[in-house]
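> got a predicted structure plus its sequence, pasted below:
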Amino acid sequence: MMRRILAILALLACFSCVGQKEDPDYVYPDDVTDPEPGGQAEGSRFFHRVLALEFTATWCQYCPNMTEALEQARKERPGRIQEIAVHYSDEMSSVASDGVVTRYKVSSFPTVILDLDPATRFNRQDAAIFKDYIDSTCETEACGIALESSLKEGVLSLSVKVKAVAEGEYYVGAAVVEDGIVADQTGAGPGYVNNAVLRSFLGDGGLDGTPAGILKKGEESTVKFSKAFDGPLAKTRIVVFAILGGKVSNTSVCTLNDEKAYEYEADD
C-alpha cells in the first residue's frame with residue numbers, strides 16, 4: 001500500500017514535466033509503474049493505453065501549445081496515454097523521425113496521430129481531443145504486453161510478450177526515446193526541455209513492427225529485439241506498441257534494465 005501511495009504522489013508531482021522548463025537532469029516519469037487506475041494484479045481486462053505520435057520541432061511556434069494540451073490530458077486521464085515526440089528538421093530529428101514524417105506526409109506542425117491511425121490526425125491544440133479519444137478507446141479490450149529489457153556490454157536487448165485479446169495477426173514495434181533534451185524553442189524561449197524524443201526503432205519494421213504471429217484469443221507470443229546502444233542510460237526509455245489490423249491495440253513503456261508484467265484494469 002505504501003509503495004502505491006508513494007508512486008501516485010510521485011506521479012502527480014511529475015505530470016507537468018513534458019516540454020516544461022524544468023531541471024535538465026530531470027528524468028521523465030515512468031507512469032506505467034502502478035498506473036492509476038490500473039495495476040499489476042491479475043484481472044480479466046488488460047490496462048489500455050493510447051499511443052500518441054506528436055510531430056513537433058524547435059522552430060514551430062505553436063508546438064509547445066500541443067505539448068501543453070497533451071500534458072493536460074495526461075493529468076486528467078492518468079496512465080492512459082504514451083507519446084513519442086517526432087521531431088523534424090531540427091537538432092533532435094533523426095533518420096527514424098524523418099521516416100515517420102515521410103510515412104504520414106506531415107507538412108503542418110504541430111500534428112498528432114493516435115494509435116498509428118491516419119484518420120485520427122489533428123493539429124488543434126486542445127486537450128479535449130485527447131480525452132475524448134481516450135474515453136472512447138480505453139473501454140475497448142486491448143491485448144496484454146509484458147516487457148523485459150537489459151543493457152549489457154553496449155547491447156540493448158528487449159523481450160516482449162504479447163497476449164492476444166482477439167484472433168488476428170499481431171506485430172510488435174519498439175521505439176527508443178530520450179528525455180531531458182534542452183533546446184531553444186520558438187514560442188517558449190530558451191531552456192525548453194524536450195522528452196520522449198524519438199531516437200531509433202528496434203527491429204527492421206519501424207512503425208510497422210516485427211511479426212508476432214497469428215494468434216487466437218488468449219494465446220501468447222514472444223518477440224525479441226537486440227541492438228547496439230551508446231546513448232544516455234538514465235534518460236532512455238523504450239516505448240512498445242502491439243499492432244492488430246494496422247492500428248495499435250495497446251502500448252507499454254520501460255526503462256533500460258527493467259521489467260513490466262502484464263497490467264490489468266483496477267476494477268477487475
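Received it, and whenever you're ready, just let me know what you need.

> name the helix or strand for Val176, please.
Counting by DSSP states H and E, the element that carries Val176 is strand 168-178.

> quick one, what contacts the nearest residue to Gly209 once chain neighbours are set aside?
Nearest non-adjacent residue to Gly209, counting by Cβ to Cβ, 6 or more residues apart in numbering: Tyr171, 3.3 Å away. (Each C-beta comes from the backbone N, C-alpha and C, glycine too.) By Cβ atoms under 8 Å, 6 or more residues apart in numbering, the contact list for Tyr171 reads 205, 208-212, 242-244.

> list just the nearest of those residues to Val101.
Asp208 (15.6 Å; Cβ to Cβ).

> surely the closest one touches Gly173?
Yes. Using Cβ atoms under 8 Å, Asp208 makes contact with Gly173 at a distance of 7.1 Å.

> the more surrounded of those two?
For Asp208 and Gly173, the more surrounded residue by other Cβ atoms under 10 Å is Gly173, and the numbers stand at 26 against 15.

> bridging residues for that one?
Phe241 (DSSP bridges).

> and it, how far from Glu167?
Look at Gly173 and Glu167: by Cβ to Cβ, to the nearest Å, they are 20 Å apart.

> now the most centrally placed residue in the chain: which helix or strand?
Centroid-nearest residue in the chain, with Cα atoms, centre = their mean: Gln82, separated by 3.5 Å. Here Gln82 sits within strand 81-87, counting by DSSP H and E.

> by contact count, what packs against that strand?
With contacts taken as 3 or more Cβ pairs under 8 Å, 6 or more residues apart in numbering; DSSP states H and E, strand 81-87 sits against strand 50-56, helix 63-76, helix 95-104, strand 168-178, strand 197-202, strand 247-255.

> contacting residues around Ile129?
Ile129 sits next to 69, 112, 122 when contact means Cβ under 8 Å, 6+ apart.

> what are the phi and psi values for it?
phi -60, psi -50 (degrees, to the nearest 10).

> ditto for Ala128
Dihedral angles (degrees, to the nearest 10) for Ala128: phi -60, psi -30.

> neighbours around it, how many?
Residues near Ala128, counting by other Cβ under 10 Å: 12.

> what pLDDT does it get?
The model reports Ala128 with a pLDDT of 97.

> make TSV out of the helices and strands packed on strand 81-87 and add distance to Val86.
Shown next, in TSV, are the helices and strands packed on strand 81-87 (distance: least, Cβ to Cβ, whole Å):
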stretch	distance to Val86
strand 50-56	5
helix 63-76	11
helix 95-104	5
strand 168-178	10
strand 197-202	5
strand 247-255	15
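
> ok, what's across the strand from the closest residue in space to Gly245 that isn't next to it in sequence?
Closest residue in space to Gly245, ignoring its immediate chain neighbours: Gly168 at 6.3 Å, by Cβ to Cβ, 6+ apart. Beta-bridge pairing for Gly168 (DSSP bridges): Leu215.
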